[in-house]
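Undergrad: okay, sequence plus prediction incoming.
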Amino acid sequence: MKNVFKFAEACLQGIAIDEKLALTHQAWHLFENNQLSFMSELPILPITQVRFPDKPVLLPPRDMPKRKIGSPEGVAAFFHAIAHVEFVAIYLAWDLLYRFRGLPEQFYQDWLKVADEEAQHFELIRLHLKTLKVNYGDLPAHNGLWDHAKDTADDLLARLAMVPRCMEARGLDVTPAIIAKFKNVGDDASVILLERILTDEVGHVERGSYWFKWVCEQQGFEPEAKYRQLIKQYYQGGKPKGPFNREMRIIAGFSNAELDWLENTIL
């Protein structure tokens, strides 16, 4: 029987994009057919050994070219940026599954499902990019998401707070307005793609919320207080700025108290 952690290691250390996608889908297929082991026997390699493809060229966020989606070039750049976010999200799901052991099997099943869905998102966007005459890797990208993974490599609660419950949750805030822009210009293909991603991402953030609260309970922390502490500790600037999509964030497991704190400008 194949082992999920061997799949994770192969996906995190291999740089061939198509192989990474195929392995992710294969692992999910094996799980669905009760042919995947979750025995945690493999050693955990340091996060510094995770490898990315040579392209796209990675730049600091401040050095990324500024493009608006009002032009064809801007639309292509926007979807290239989204493709990169979804590609890194495959790594984030696999690394969360791989790096933190000794948890209930449901934890690993949940993040394997997330990895598979992120791979589907990436494949859909890559196809969409081709209709815009751009391939993934043609434009530069930034690696801010992965920086948060490296910062929280030794702290499961910090990883859950910063990745699904902070960086990924931002998608719930900003994507509806972007969808509205594409609707206004009659770009149905972009709307359908972004709505599919948004629907899945609500579930991904919800899984982050669920496991954050579960681990807090196991470790004796009050979840809302621990969330505030971790965001202030790890988020540059103290906490993200709104506006926040309260409706979607509530569905994704945020409490009203957490949202009140995020919306309050005082730390």
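TA: Noted; the coordinates are in hand.
Undergrad: mind naming the longest helix for the protein?
TA: Longest helix in the chain, counting residues (DSSP state H): helix 188-219.
Undergrad: what's that one packed up against?
TA: helix 72-99, helix 105-131, helix 156-162, helix 169-184, helix 223-234, helix 246-251 (3 or more Cβ pairs under 8 Å, 6 or more residues apart in numbering; DSSP states H and E). All C-beta atoms are positioned from the backbone trio N, CA, C, and that covers glycine.
Undergrad: buried deepest among those, which one?
TA: helix 156-162 (a mean of 24; mean count of other Cβ atoms under 10 Å).
Undergrad: circling back to that earlier point, closest to residue 34 out of the helices and strands packed on helix 188-219?
TA: helix 105-131 (11.6 Å; Cβ to Cβ).
Undergrad: how close does residue 166 sit to residue 81?
TA: 18 Å (Cβ to Cβ, to the nearest Å).
Undergrad: isn't residue 206 up against residue 253?
TA: Yes. With contacts counted by Cβ atoms under 8 Å, residue 206 reaches residue 253, the gap being 4.8 Å.
Undergrad: quick one: pLDDT of residue 145?
TA: pLDDT, residue 145: 88.
Undergrad: residues in contact with it?
TA: Residue 145 makes contact with 85, 88-89, 92, 163, 167, according to Cβ atoms under 8 Å, 6 or more residues apart in numbering.
Undergrad: what comes up buried for the strand or helix carrying it?
TA: Residue 145 is located in helix 144-151, with elements delineated by DSSP states H and E. Under the neighbour-count criterion of 16 or more other Cβ atoms under 10 Å, helix 144-151 has 145-146, 148-149 buried.
Undergrad: quick check: buried residues in the longest helix of the chain?
TA: In helix 188-219, counting by 16+ other Cβ under 10 Å, buried: 190-191, 193-194, 197-198, 200-202, 204-216.
Undergrad: list the contacts for the closest residue to residue 123 other than its chain neighbours?
TA: Distances taken as Cβ to Cβ, 6 or more residues apart in numbering put residue 21 closest to residue 123, at 6.4 Å, once the chain neighbours are dropped. With contact set as Cβ under 8 Å, 6+ apart, residue 21 has these partners: 90, 119, 122-123.
Undergrad: return the member of these nearest to residue 29.
TA: Using Cβ to Cβ, the contacts of residue 21 come closest to residue 29 at residue 119, 12.0 Å.
Undergrad: where's the closest residue to the closest one other than its chain neighbours, which helix or strand?
TA: Leaving aside its sequence neighbours, residue 119 sits nearest to residue 24 (Cβ to Cβ, 6+ apart; 4.4 Å). Using DSSP H and E, residue 24 maps to helix 17-32.
Undergrad: after that helix comes which helix or strand?
TA: strand 36-37.
Undergrad: any idea which helix or strand comes after that next one?
TA: Assignment by DSSP H and E places the next element after strand 36-37 at strand 58-59.
Undergrad: so what touches that following strand?
TA: Strand 58-59 has contacts (Cβ under 8 Å, 6+ apart) with 52, 140-143.
Undergrad: most widely separated two among those residues?
TA: 52 and 140 (13.3 Å).
Undergrad: so what's residue 79 up against?
TA: Residue 79 neighbours (Cβ under 8 Å, 6+ apart): 125, 128-129, 132, 134, 190.
Undergrad: noted, bye for now.
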